[in-house]
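1. Structure for this input, please:
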Amino acid sequence: MTPSRSRVADGAALATSVVLLLVVLVTLWREAGAGQPFSAVDEHAHADTQVRVHHGEFPRRGDLLTQEVVDAWVCRLGHQTVAWEMACGSPEAVPENVPTGKYTAGYIHYPTYFLGGEVFRAVADRVVPDEPPVDTYRRYAALMMFLGALACLLLARRVGLRGASLVAATFAPVAGTPILVFGTMENPTALAPLCGALIAGAGIHWVLTGRGFWWLAAASVVGAATAVTSSLPTGVLVLACLGALLRRGRGTPYEGGWSPRWWHVGVLGAILVAPVVAFGAWTSARALVDNETLYSGYGFQSWTDVLVGVVFELVTPHVPWASDGNLTSPDPDLVQRLLMAVLNGTPFLMVVLVGGALALGAMGAFRSGPTSPLPLLAGACILGMVLYPPLLRLSNAVNVGIDHPVVSRYSISLLPLLVWVALLQVREHRAYGRVLAVVAAGTVVAVCAGAW
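-> Residues are numbered from 1 along each chain as shown. Model (predicted):
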């Protein structure tokens, strides 16, 4: 392709990405303000945390749900999956009678996301003072999801992706209803694409050039301060560093000058571990009940059950590309039904395209050169995806005393890193970027069209 044609193609890809990003924002913004029932993904617990933060508090282990959330449930919103036939204002409509349990689970989340929600509400209340608070906070989630996709566009360009590959890099990390739906509810997962993009952009730049480690550290602090699962890409980069340190004995440096040291591993490891330890200690010091009281329904009978669960997580794919009806119009027309049918197949294509490229790259199938760090990074991506679910399930059993399956949405923050590493390895094969762009952008279009 000539330089002039390449510039035209890059411009067209950039314009297409910007237009589709605006479509995503408008769709999520509309859905967020539509007064939908509380989501089954613990939204009432997140709404409870947001109410407390608004009043200058933070939930403790053992706190009951606030009456404000109960009123929002019975008087206006209802619940997506739990039927609670209760009249608004009834003396029985109290936290002790909430069918999902009287205790709030919001104390397990860091306050970072919710503090951002208060900043957003302070501005939004000046513009639309009469909007219900739940809708305002949901619009905050829509904005965060949009910023995550926008960060994918900007940072993917920074690491060298152009043309169709840029379109794929922008939309593959958010391609699916189970991802975009978090832009319509009160849930810290709305920040996962943004945190993942920040870490992936800084991390890939450091690996390819040997420069910018402290930008990676800063991005990792943002992710680790938001949620444990939002910092998972940093864990993958720690694995890559360990692999590079083990390889150092061969004496051949990586191209670009990347040469990680043990202190790099120490800094990134401290960033990952410090918030968990500090927040855990603070939570325990403020607790009103013990873990056994709160999680009695999730306890396990023996460590044999835990072992089986750990093996289950090890062999089960935890990819958030999936298909569901969370953003589907309640009365879809023929076109929307057809789009929903198409969405049933795209998750498989996304897994094959991205996972296949990573696996082949890790085995050295692409001509990336003997000193390229990309095969190592691809292998670290695969290893990270495989290892974190069993480690998380084991950690929950040891630290909290519960045995519960790990859900695929925890992997959302990993998607920018996985997708971009796959695309960077296959840059010489333009058809790959085009196919992934069509599948990813087509999925996002189908999700948005289905929501209207």
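
2. Run through the residues that contact residue 185.
-> Counting by C-beta atoms under 8 Å, 6 or more residues apart in numbering, residue 185 touches 32, 36, 38-39, 41, 43, 46, 138, 141. All C-beta atoms are positioned from the backbone trio N, CA, C, and that covers glycine.

3. Show me where the stretch 101-250 of the chain has its helices.
-> Taking DSSP state H, counting those that start in this stretch as the criterion, the stretch 101-250 of the chain carries its helices at 112-127, 133-158, 163-171, 177-180, 192-209, 213-226, 232-247.

4. right, so of these, which gets closest to residue 28?
-> Across these, residue 28 has its closest neighbour in helix 133-158 (3.8 Å, C-beta to C-beta).

5. and the direction of the closest one versus that of helix 192-209, what angle?
-> Helix 133-158 runs at 20 degrees relative to helix 192-209, counting by axes from the mean of the first three to the mean of the last three C-alpha atoms, to 10 degrees.

6. who does helix 133-158 touch, helix- and strand-wise?
-> Applying 3 or more C-beta pairs under 8 Å, 6 or more residues apart in numbering; DSSP states H and E, we find helix 133-158 packed against helix 3-32, helix 43-54, helix 112-127, helix 163-171, helix 192-209, helix 415-425.

7. following the second one, which helix or strand shows up next?
-> When you say that, I think you mean helix 43-54. helix 67-72 (DSSP states H and E).

8. roughly how far out does that following helix sit from the chain middle?
-> Remark: helix 67-72 is offset 28 Å from the chain centroid, using C-alpha atoms, centre = their mean, to the nearest Å.

9. For it, buried residues please.
-> By neighbour count with 16 or more other C-beta atoms under 10 Å, helix 67-72 contains the buried residues 68-70, 72.

10. re the thing from before, do you know which of the helices of the stretch 101-250 of the chain lies nearest residue 446?
-> Closest to residue 446 of the helices of the stretch 101-250 of the chain is helix 177-180 (C-beta to C-beta; 9.0 Å).

11. What separation do you get for residue 96 and residue 55?
-> With distances taken as C-beta to C-beta, to the nearest Å, residue 96 is found 21 Å from residue 55.

12. ok, and the helix or strand in the chain with the lowest average confidence?
-> Within the chain, no helix or strand scores below helix 291-294, which has a mean of 78 by mean pLDDT, DSSP states H and E.

13. Quick one: distance of that one to the chain centre.
-> For helix 291-294 - counting by C-alpha atoms, centre = their mean - the centre lies 28 Å from the chain centre.

14. And for stretch 137-145?
-> Computed by C-alpha atoms, centre = their mean, the chain-centroid distance of stretch 137-145 equals 14 Å.

15. can you list contacts of it?
-> Stretch 137-145 is touched from outside by 24-25, 28-29, 31-33, 47, 50, 116-117, 120-121, 124, 174, 180, 182-187, 190-191, 193-194, with contacts defined as C-beta under 8 Å, 6+ apart.

16. Send me it as CSV with only the CA atoms.
-> The C-alpha coordinates for stretch 137-145 follow below in CSV (Å, rounded to 0.1, in the frame of the first residue of the first chain):
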residue,chain,number,x,y,z
TYR,A,137,-24.9,7.3,38.9
ARG,A,138,-25.8,5.0,36.0
ARG,A,139,-24.9,7.8,33.6
TYR,A,140,-21.6,8.1,35.4
ALA,A,141,-21.0,4.4,34.6
ALA,A,142,-21.9,5.1,30.9
LEU,A,143,-19.4,7.9,30.8
MET,A,144,-16.7,5.7,32.3
MET,A,145,-17.4,2.9,29.8
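
17. With distance to residue 133, mean pLDDT and mean neighbour count added, can I get the helices and strands packed on helix 133-158 in a markdown table?
-> Below are the helices and strands packed on helix 133-158 laid out as a markdown table (distance: least, C-beta to C-beta, whole Å; pLDDT from 0 to 100; neighbours: other C-beta atoms under 10 Å):
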| stretch | distance to residue 133 | mean pLDDT | mean neighbour count |
| --- | --- | --- | --- |
| helix 3-32 | 12 | 93 | 16 |
| helix 43-54 | 7 | 97 | 24 |
| helix 112-127 | 7 | 97 | 16 |
| helix 163-171 | 31 | 97 | 27 |
| helix 192-209 | 23 | 98 | 27 |
| helix 415-425 | 30 | 97 | 28 |
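
18. Compile these into CSV and extend it with columns for distance to residue 405.
-> CSV is the format used below for the helices and strands packed on helix 133-158 (distance: least, C-beta to C-beta, whole Å):
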stretch, distance to residue 405
helix 3-32, 28
helix 43-54, 18
helix 112-127, 23
helix 163-171, 28
helix 192-209, 19
helix 415-425, 20
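
19. low-scoring stretches of the stretch 301-450 of the chain, by residue?
-> Within the stretch 301-450 of the chain, the segments meeting pLDDT under 70 span 323-325, 367-370.
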